[in-house]
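> mind folding the following:
(4 chains)
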There are 2 protein chains.
Amino acid sequence: MNKITLIDVARFCHVDISTASRALRSDPRVKSKTQELVKKAANRLGYRPNLLAKSLAGGKTNTLWVILPSIDSIVDAKLVHEISRYANSLDYSLFAAFHDSEEFGVSKGNPIDHYVKIVDSACQGLVDGAIVLPRRFADDSDILNTFVKNEFPFVFVDNYLEGVPTSVAMTDQKQATESLIQHCLQAGAKEFILLFGNDTNPVESRRLTSSRDYLIRQRIPFTEICEIQKTWKPKKKGSPALAVLGSSQAIFHTYLAEHFSPFLQHKLVFGVFDEWIGEPSPAQKVFVGIQNSEKLAKEAVDLLIKKIQRKNKSPKEIKRIPLVECRAILPSIRC
Amino acid sequence: MNKITLIDVARFCHVDISTASRALRSDPRVKSKTQELVKKAANRLGYRPNLLAKSLAGGKTNTLWVILPSIDSIVDAKLVHEISRYANSLDYSLFAAFHDSEEFGVSKGNPIDHYVKIVDSACQGLVDGAIVLPRRFADDSDILNTFVKNEFPFVFVDNYLEGVPTSVAMTDQKQATESLIQHCLQAGAKEFILLFGNDTNPVESRRLTSSRDYLIRQRIPFTEICEIQKTWKPKKKGSPALAVLGSSQAIFHTYLAEHFSPFLQHKLVFGVFDEWIGEPSPAQKVFVGIQNSEKLAKEAVDLLIKKIQRKNKSPKEIKRIPLVECRAILPSIRC
DNA sequence: TTGTACGCGTTATCAA
DNA sequence: TTGATAACGCGTACAA
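Model (predicted):
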């Protein structure tokens, strides 16, 4: 590792350490000749300022974290990536911290411990603020309220928790759901099946209630399948085109692998949030609600920076961002 | 934010700051009565040690980074996740830093700048060591040699760069390739098509050469399709079962969407590294080489910690890890 | 234009 | 068993 400090550079140039410090920050009070001298010396000696000391002295780290359990889909990855890009463009360093120990393989130790540890260390001077992507853990709010207690600047993105008061940037689930439904209707769907889980996750439940409300209002028959065991029975006679709505590609494959027979005579259209990879089969068409990751990222970071700057006031803002589009996936290979 | 420091706790207990420091670290030299006193006070006052100061004074951060352009697939995500888990289990904090600004949308500023900035800051005291997941950038080696110059502890995982001397933990591409081929042969394949790109990426080229060597040795006819424009022509007469090998699911869909007609009469089997989502169609069967993320992560972190501990010696170790299995993907829905 | 001296919050080394 | 003090490396108000 590098051991050359500001003192070494200063000594080398026969100037004081403070002069060297100022010279490297291009302080106009330093003679330009001295500036160049110091800069060249620093360069030649391979001087690298110690960012720990810098942050400690300066009282800020210019660092943000994204805290999330793990990356489970490309949509997650894209969001984190956009957050990173936008933060970087504002001269913040951004790091992702993962706390889920259970997702893959056997869990080592208490999975919550890592989460608590990350939240704790965030409050201990390493970072100026955090963007949190919460999941369905029951205990999430207890852990995250540590932030509230310590008045640590943080915001939610993509999802939020009822019991934790802070700002949120998320997709407008109502708009997204209705837009997907409209596309399915245009594709000829006469009856709907809702594959949303019945859990406490605000996003999932919002998708369920939004689609339910909309379909009732439009007088379109539909069936809710909140549990994967439930078999579907047609509400209309004949073989009308069916639309199936669900949050992720996996749920379609899982459900239909078990319960495909009632669907055999029907033309199928899927409406999916998140993403769809590969062929639409067994559907004729899949509509994917493409979330606006770039805007979500921007709004989240902006909300966070607002919190960092004025620490006393903490307005609980909510930004709802509409979908970019509903992308249609058609078969590319004819079999 | 929290402003309560060790001084506050010490004053509150009418002890010296050094005693308070020792008490909180359960130093046996402190009377147990005093320890409890201090710990209770710290708790009541909501004291949180400043980790910046701690690292600065202690000379180490107990932090590791994973540096990568972005997460493009679930396989990447899984690897990072396993690294995080294993590092956490060894009481290191782990953060992921992303440097690619081009992947999604329009690039902001010079994309290389972020990369350089991350590599620089790694050498500036924020972190004890880094695990690097390199990509096909031509300039990668110049940037990463900053680590070498500064004697900063780092290792490669999953892929590596010829010009940058350090340890590597990666999948055994030869074993993986041959294993995939064997599975395709068992599924009846008589002729092979290789969809590997012809670029300078060591992993991709290793897959190409390994499969080429093996197929020649076994006297099995095959065609290399290094460029996506190239059309395939059968080498054998009749309609033998065909195996297609490629690195990722996307390449199959892209290629076959353009050039499907010659394949119409053949039974198809795919062999893919990375992952496969959804139905195997248009193949009857897909074999997926499942990389051992857990072991890759463990080896990478172990290699890194070895580097951190003895800074002078830097043996250039290479760990090659075989696949966990070749998983077969069969149609779950009959159309 | 440059130098002095202190603060940032800990840990570590003395001495008591 | 505890207390005083020197690091850790850098910023900065203040003095010169």
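
> wait, does stretch A:144-155 contact DNA strand C?
No. Stretch A:144-155 does not reach DNA strand C (Cβ under 7 Å from any atom of the strand); its nearest approach is 12.9 Å. Heads up, the C-betas are built off the backbone N, CA and C, glycines and all.

> anything in that stretch near chain B?
Yes. Using Cβ under 8 Å from any Cβ of the partner chain, we find that stretch A:144-155 touches chain B at A:Lys149, A:Asn150, A:Glu151, A:Phe152.

> mind listing the strands for the stretch 1-150 of chain A?
With DSSP state E, counting those that start in this stretch, the ranges of strands along the stretch 1-150 of chain A come out as A:63-68, A:93-98, A:129-132.

> any chance of a markdown table for these, columns mean pLDDT and distance to B:Leu64?
Listed next are the strands of the stretch 1-150 of chain A as a markdown table, based on pLDDT from 0 to 100; distance: least, Cβ to Cβ, whole Å:
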| stretch | mean pLDDT | distance to B:Leu64 |
| --- | --- | --- |
| strand A:63-68 | 97 | 15 |
| strand A:93-98 | 97 | 11 |
| strand A:129-132 | 98 | 19 |
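
> export the ones you listed as TSV, with columns for distance to B:Ala42 and mean neighbour count.
Shown next, in TSV, are the strands of the stretch 1-150 of chain A (distance: least, Cβ to Cβ, whole Å; neighbours: other Cβ atoms under 10 Å in any protein chain shown):
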stretch	distance to B:Ala42	mean neighbour count
strand A:63-68	25	24
strand A:93-98	25	25
strand A:129-132	23	26
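
> out of those strands, which comes closest to B:Glu82?
strand A:93-98 (10.0 Å; Cβ to Cβ).

> wait, A:Val9 sits on A:Val38?
Yes. A:Val9 is within contact range of A:Val38, at 6.5 Å (criterion: Cβ atoms under 8 Å).

> can you pull the residues that touch both of the two?
A:Ala20, A:Leu24 (Cβ atoms under 8 Å, 6 or more residues apart in numbering or on different chains).

> quick check: phi and psi at A:Cys226.
The phi and psi values for A:Cys226, taken as degrees, to the nearest 10, are phi -80, psi -20.

> do the same with A:Ile321
Note on A:Ile321: its backbone torsions stand at phi -110, psi 130 [degrees, to the nearest 10].

> same question, A:Glu325
When read as degrees, to the nearest 10, the backbone of A:Glu325 gives phi -170, psi 170.

> pull the number of nearby residues for the closest residue to it other than its chain neighbours.
Of all residues not flanking A:Glu325 in the chain, A:Ile290 sits nearest, at 5.2 Å (Cβ to Cβ, 6 or more residues apart in numbering or on different chains). A:Ile290 has 18 neighbours, counted by other Cβ atoms under 10 Å in any protein chain shown.

> ok, A:Ile290 - contacts?
Taking Cβ under 8 Å, 6+ apart as the contact definition, A:Ile290 lies against A:Leu323, A:Val324, A:Glu325, A:Cys326, A:Arg327.

> try 7 Å this time
Taking Cβ atoms under 7 Å, 6 or more residues apart in numbering or on different chains as the criterion, A:Ile290 is in contact with A:Leu323, A:Val324, A:Glu325, A:Arg327.

> now the last one. Nearest residue, chain neighbours left out?
The spatially closest residue to A:Arg327, leaving aside those adjacent along the chain, is A:Val288, at 4.7 Å (Cβ to Cβ, 6+ apart).

> residues touching the one you found, list them.
A:Val288 sits next to A:Val272, A:Glu275, A:Trp276, A:Cys326, A:Arg327, A:Ile329 when contact means Cβ under 7 Å, 6+ apart.

> need the residues you listed in TSV with neighbour count and secondary structure, can you?
Converted to TSV, the contacts of A:Val288 look like this (neighbours: other Cβ atoms under 10 Å in any protein chain shown; DSSP: H, G, I helix; E, B strand; the rest coil):
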residue	neighbour count	secondary structure
A:Val272	24	strand
A:Glu275	19	coil
A:Trp276	20	coil
A:Cys326	19	strand
A:Arg327	14	strand
A:Ile329	18	strand
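
> of these, closest to DNA strand C?
A:Glu275 (44.1 Å; Cβ to the nearest atom of the strand).

> if I look at that closest one, how far off is B:Pro331?
21 Å (Cβ to Cβ, to the nearest Å).

> what do you get for A:Asn159?
Distance of A:Asn159 to B:Pro331, computed by Cβ to Cβ: 34 Å.

> quick one: which of the residues of stretch A:144-155 next to chain B is most hemmed in?
Counting by other Cβ under 10 Å, top hit in the residues of stretch A:144-155 next to chain B: A:Phe152 with 24 neighbours.

> tell me if the residue nearest to A:Arg327 really is in a helix.
No. Secondary structure assignment (DSSP: H, G, I helix; E, B strand; the rest coil) places A:Val288 in strand, not in a helix.

> tell me which stretches of chain A form helices.
Taking DSSP state H as the criterion, chain A carries its helices at A:6-13, A:17-24, A:32-45, A:51-58, A:74-89, A:111-121, A:140-149, A:173-186, A:202-217, A:249-259, A:293-309.

> just the ones you listed: most buried one?
Mean neighbours per residue, mean count of other Cβ atoms under 10 Å in any protein chain shown, is largest over those for helix A:74-89, with a mean of 23.

> who are the packing partners of it?
If contacts are counted by 3 or more Cβ pairs under 7 Å, 6 or more residues apart in numbering or on different chains; DSSP states H and E, helix A:74-89 sits against strand A:63-68, strand A:93-98, helix A:293-309.

> turn these into a markdown table, columns for distance to B:Gln182.
Below are the helices and strands packed on helix A:74-89 laid out as a markdown table (distance: least, Cβ to Cβ, whole Å):
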| stretch | distance to B:Gln182 |
| --- | --- |
| strand A:63-68 | 39 |
| strand A:93-98 | 35 |
| helix A:293-309 | 41 |
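
> okay if I get the ones you listed as a markdown table plus distance to DNA strand D?
Shown next, in a markdown table, are those (distance: least, Cβ to the nearest atom of the strand, whole Å):
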| stretch | distance to DNA strand D |
| --- | --- |
| strand A:63-68 | 15 |
| strand A:93-98 | 15 |
| helix A:293-309 | 16 |
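
> dump the ones you listed to CSV, plus distance to chain B.
Supplementary listing: the helices and strands packed on helix A:74-89 in CSV, determined by distance: least, Cβ to the nearest Cβ, whole Å:
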stretch, distance to chain B
strand A:63-68, 7
strand A:93-98, 4
helix A:293-309, 6
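
> B:Met170: which of those is closest?
Judged by Cβ to Cβ, the one of those that comes nearest to B:Met170 is strand A:93-98, at 21.6 Å.

> which of the contacts of A:Val288 sit farthest apart?
For the contacts of A:Val288, the farthest-apart pair by Cβ to Cβ is A:Glu275 and A:Cys326; their separation is 12.7 Å.

> among the contacts of A:Ile290, who's most crowded?
Neighbour counts for these peak at A:Leu323, which has 20 neighbours (criterion: other Cβ under 10 Å).

> pull the contacting residues for that residue.
Neighbour list for A:Leu323: A:Thr171, A:Gln175, A:Ala176, A:Ser179, A:Gly289, A:Ile290, A:Gln291, A:Asn292 [criterion: Cβ under 7 Å, 6+ apart].

> which one among those gets closest to chain B?
Proximity of the contacts of A:Leu323 to chain B, judged by Cβ to the nearest Cβ, is greatest for A:Asn292, which lies at 10.7 Å.

> brilliant, that's me finished.
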